[in-house]
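Enquirer: Fold the stuff below for me.
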Amino acid sequence: MPDALPADQLVPASAPVPSAPPPDDADDDGVSGRWREMAQAAAGEVRERLAHVRFPQLSPGDRERIARRLREAVEMALRVPEGRPDELAAEIRTLREANPDVSATDLAWRRTRERARRAAAAGAATTVPALVPGVGTALAALGMVADWHFVAEQQRDLGLEIAALYGVELADPTSEVRGLFLASTGLALGAARAGDAAAKAASAQVARRWMSRLVPGLGAAVAGGLNYVSTLAVGRTAIARFSHEAGVEVRGLSPAAMHPALPRLRQATVTAIQAAALGDGTVPVYTREQREILEHLSQAEREELLDLAVLGAADEGVSSEEEAVLAHIAGELGFGPAELDEALRGAREGVQSVRGRFTRLVGRAGRGGADTARHLWSRARRLSSRGENAHGD
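Expert: Next up is the predicted model:
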């Protein structure tokens, strides 16, 4: 088991994020420079962690190739294709017309939760432990790159959608979206402001996401949880920023308004599901103090905890222990059986959809043969360096 992922880091804590717009130095050159630095730092951290954890099946060459693919994938991520903002703005206009009585903030939260669920599904569907020398390592690397691209697309489009919901036009969409990522990730991990500190914190979080996928038995659940929480952070930061620019007051969804106990509640939720998956459904989910706190959480915060609870059961059938714990968690959060079933169904459909795309991306490599590993490494290199369609469509 890798020592790079202590239990208290399976789901990253989210510190309060101010609702003011990003600092003035978040211009194109500043964001681009910090983005490149983050990519290099994340690759270096992954390289170092791979050298210290117990993965004897990873050769020095494999470790270097994994780190290189990460750097290339991050450098390419969150680029906004020409015309994409207009496409999403048109979809948002249709959404607003279909929901005239729903506020921009409520719609922004709905989109945030939907895209966070998709990001979580990508983590579960593309995680392949690098347990088989050669082929297993190459397939795991391809899964890492595919997951990064898919999640980056979700977070990129989420930022553009929320800007459109508040009627904010972005002068430089790529720089703006990357700035949101840096701000949300850096501040969520404790950096005081967007900038160099945020880029450093972001590189650590990116490295943690990649390393989580190599944990035997828990990689899928951990990767899905990290994807989910990081996407929520992007959405909350975008809501805070663009609502501020639009002069709209936001209550309950701004990161600055998040309950300080939410990180501990996340961890308690994930721990209870993992224990149930191992056959122990007797582990208490929340302490008495935490149950009292649940009564003061916002609807959005309770929905987040429900989504995290179902992530671990999305990929496979639910055991009797998991079913009991899930029902207990849903009840504690104020949700009934129908709402729990809907959350489970959505999570499973997301995993199945992404897995189908990943299977198409792998292509003929699944047939085996002497060239399988080389084929997989080649696919990973093309996807990371040129940003091929991660969906396999």
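Enquirer: So, low pLDDT: which residues of the stretch 51-200 of the chain?
Expert: Along the stretch 51-200 of the chain, the model assigns pLDDT under 70 to residues 53-58, 127-137, 186-199.
Enquirer: Give me the buried positions along stretch 322-339.
Expert: For stretch 322-339, the neighbour count (16 or more other CB atoms under 10 Å) marks 322, 323, 325, 326, 328, 329, 330, 332, 333, 335 as buried. C-betas here are computed from N, CA, C, even on glycine.
Enquirer: ok, the last one - contacts?
Expert: Read it as residue 335. Taking CB atoms under 8 Å, 6 or more residues apart in numbering, we find residue 335 in contact with 302, 306, 343.
Enquirer: Could you single out the nearest of those residues to residue 208?
Expert: Distance to residue 208 across those (CB to CB) is lowest for residue 306, with 23.7 Å.
Enquirer: wait, doesn't the closest one sit right on residue 329?
Expert: Yes - contact criterion CB atoms under 8 Å: residue 306 and residue 329 qualify, at 7.1 Å.
Enquirer: Who are the packing partners of the helix or strand harbouring residue 301?
Expert: Using DSSP states H and E, residue 301 maps to helix 299-311. Under the contact definition 3 or more CB pairs under 8 Å, 6 or more residues apart in numbering; DSSP states H and E, helix 299-311 sits against helix 104-125, helix 219-246, helix 262-277, helix 320-332, helix 337-362.
Enquirer: List just the one of these that sits closest to residue 204.
Expert: Residue 204 lies closest to helix 219-246 among the helices and strands packed on helix 299-311, at 11.9 Å (CB to CB).
Enquirer: ok, which stretches of the stretch 1-150 of the chain are helices?
Expert: With helices called from DSSP state H, counting those that start in this stretch, the stretch 1-150 of the chain shows them at 28-52, 60-76, 84-98, 104-125, 135-165.
Enquirer: Minimum distance to residue 211: which of the ones you listed has it?
Expert: Residue 211 sits nearest to helix 28-52 of all the helices of the stretch 1-150 of the chain, at 5.5 Å, using CB to CB.
Enquirer: ok so, going back, could I get the helices of the stretch 1-150 of the chain as CSV with mean neighbour count and distance to residue 267?
Expert: Formatted as CSV, these follow (neighbours: other CB atoms under 10 Å; distance: least, CB to CB, whole Å):
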stretch, mean neighbour count, distance to residue 267
helix 28-52, 19, 21
helix 60-76, 20, 26
helix 84-98, 14, 34
helix 104-125, 24, 16
helix 135-165, 25, 21
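Enquirer: which stretch among those comes nearest residue 250?
Expert: helix 104-125 (5.4 Å).
Enquirer: ok, back up a step: what's the closest of the helices of the stretch 1-150 of the chain to residue 236?
Expert: Ranking these by their distance to residue 236 (criterion: CB to CB) puts helix 104-125 first, at 7.1 Å.
Enquirer: other SSEs contacting the closest one?
Expert: For helix 104-125, the contact count by 3+ CB pairs under 8 Å, 6+ apart identifies helix 84-98, helix 135-165, helix 219-246, helix 299-311, helix 337-362 as packing neighbours.
Enquirer: Quick check: which of those helices is nearest to residue 33?
Expert: For residue 33, the closest of those is helix 135-165, at 18.8 Å, according to CB to CB.
Enquirer: Just want the angle from that closest one to helix 28-52.
Expert: Inter-element angle recorded for helix 135-165 and helix 28-52: 150 degrees (by axes from the mean of the first three to the mean of the last three CA atoms, to 10 degrees).
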